[in-house]
Structures are given as C-alpha cells and as structure tokens.
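Undergrad: Need coordinates for the following:
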Amino acid sequence: MIGPNTVLPARRTPLTLQTDDGVGLAAELALPADRDPRATIVFFHPNPVGGGSMDTHLIRKAAARLPALAGLAVLRLNTRGTSSPSGTSSGTHDHGVAERFDVAAALTAVAGLPDVWLVGWSFGTDLILMHGLAEGVRGAVLLAPTLRRAQPEHLAAWATSGKPIRCVVPELDDYVRPPEARQRFAAVPQAEVVEFPGCKHLFVGHAETALDAVVEVVAPEVATPLPREW
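TA: Numbering: from 1, shown residues only. Presented below is the predicted three-dimensional model:
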C-alpha cells in the first residue's frame, strides 16, 4: 500500500536555481528511475505566509510518486523567502511580484525536458496565471485557484494563447468555489473547471484524486486512477 510518506524510486537531484535578480532557490528535480520522462511538471506551492512550500503534502507526494507511477519529471521549488525541510530560498517573499523571476528560473531548469506543464496550488496558481505563459509551456493545471492576484489581462492572455488549463476547484474551498470559478474562467474558453465534491482548500483526504487529475491532463496515455499499491 502506498501511504502518506511512501517515496517511490526516482533519480532525485537537489538543485539551487539562480534567478536573474540574484536569488537562490532551493529545488529538487525528480526523474523516473529507469527511463526518460514522458512529460514534465513544474509545481508551484501555496503561499509561504501561510506555511506553503515545496514540502506541502500534495507537492511532496507528487515528487515522491509521479516519476514511478506516471513516468513524469517533477520539479518542485521554494519560491523566494521560503524555507522547508528540503531547503531555504534566499530573497524576500514579494506577494507574487518579484516571483516572476522564480517562475522564469524554474522554466530554465527544465529546458530540454519534454512536454512542460505548470501545476500550481493556491498562491502557486496565481504565479502561473501571471508569469507562466511562456514559449515551451504546454499548459497548466490549477489546484484550488484563488484568483487573488491574477488580473483579467492575465486570463485574457491565456485565452489568446489557446493553451489548455484544467482548474481543479474544491466544492468547499475557502477562496473560490466552483460556481465562481466557472464564471471567472469563462474568460478563458479552453479552461476546464473540475469540481471536487466534499473537498476543501487543503485537499486533505483528496491527494490521490488530485494527482490523478493532474496526470489525466499531463500524460493522458497513463491509466488513472494511478496504482495505490507498489
């Protein structure tokens, strides 16, 4: 049985990503142990002011499981001013503004890896909407998007790009619930809003299903639900 702390085989490399404004970001790249990755996800964490980091449970589980179960490369990082057991990033948290350099550094780190998708949770979804629309990015998966910082012009840019977006919205979310999400993401015709019944913002008890929702988009050839045993 795959439990909350199970770490499946992978090639894991701790990294320090250097941003163009001189900040060093703690990161880890996890690759499948015995094959090339079929696709790549870059995972952006919830707000560090509220304790979010690259080690928040859903992100930690993605890095621990998806290289083995889905053949994915997973890059996770602490944005500026964020500290967790996996490392401390220098700089100062800038509420999503200077974090544009963090997003750019992460994309540089995965240059050359296949089919790069951005996955964000909460604060991380705003980073993607604001700063993640770059050449080479296939699309995005937004887990519990808050839309607290992203502006209509950011949604308009994604709409124009035509790049796919899956919005996974907890039924009982603290910020944006499914009806509001459908209304606000109507500005992005290709955005898909998926409601998670009975789920709250932190995805407690719903981590496996959330990872399935990511894999369905990033690697549709992989059967889901993913195995619950190893």
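
Undergrad: hey, where'd the helices end up in this protein?
TA: Assigned by DSSP state H, the chain shows helices spanning 57-70, 99-109, 123-131, 152-161, 178-184, 207-218.

Undergrad: List just the one of these that sits closest to A144.
TA: helix 123-131 (7.2 Å; C-beta to C-beta). C-betas here are computed from N, CA, C, even on glycine.

Undergrad: I would like the residues contacting the closest one, please.
TA: Counting contacts by C-beta atoms under 8 Å, 6 or more residues apart in numbering, the residues outside helix 123-131 that touch it are 43-48, 52, 79, 96, 99-100, 102-104, 118, 120, 140, 142-151, 154-155, 158.

Undergrad: do stretch 2-22 as well
TA: Residues contacting stretch 2-22 (C-beta under 8 Å, 6+ apart): 24-34, 57, 61, 63-65, 67-69, 77, 80, 86-87, 91, 98, 101-102, 104-106, 108-109, 227-230.

Undergrad: if you set the cut-off to 7 Å instead, what comes out?
TA: With contact meaning C-beta atoms under 7 Å, 6 or more residues apart in numbering, stretch 2-22 is reached by 24-33, 64-65, 67-69, 77, 87, 98, 101-102, 104-106, 109, 228-230.

Undergrad: So E99 sits against T79, correct?
TA: Yes - contact criterion C-beta atoms under 7 Å: E99 and T79 qualify, at 5.3 Å.

Undergrad: Can you give me the neighbour number for R12?
TA: Counted by other C-beta atoms under 10 Å, the residues lying close to R12 total 15.

Undergrad: That one pairs with what?
TA: Counting by DSSP bridges, R12 forms beta bridges with A30.

Undergrad: Quick one: end-to-end distance for stretch 185-195.
TA: One end of stretch 185-195 sits 13 Å from the other (C-alpha to C-alpha, to the nearest Å).

Undergrad: just to revisit the earlier point, so which of the helices of the chain is the most packed in?
TA: helix 123-131 (a mean of 25; mean count of other C-beta atoms under 10 Å).

Undergrad: Can you get me the centre-to-centre distance for it and its chain?
TA: Its chain's C-alpha centre and that of helix 123-131 lie 9 Å apart, by C-alpha atoms, centre = their mean, to the nearest Å.

Undergrad: mind listing what the residue nearest the centre of the chain touches?
TA: Most central in the chain under C-alpha atoms, centre = their mean is V119, positioned 2.4 Å from the mean C-alpha point. Residues in contact with V119 (C-beta under 7 Å, 6+ apart) are I41, V42, F43, V141, V214.

Undergrad: In strands only, show me the residues you listed.
TA: Using DSSP state E, I41, V42, F43, V141 are the members of those that sit in strands.

Undergrad: which among those residues end up buried?
TA: Buried by 16 or more other C-beta atoms under 10 Å: I41, V42, F43, V141, out of these.

Undergrad: Which pair of these spans the longest distance?
TA: V42 and V141 (10.7 Å).
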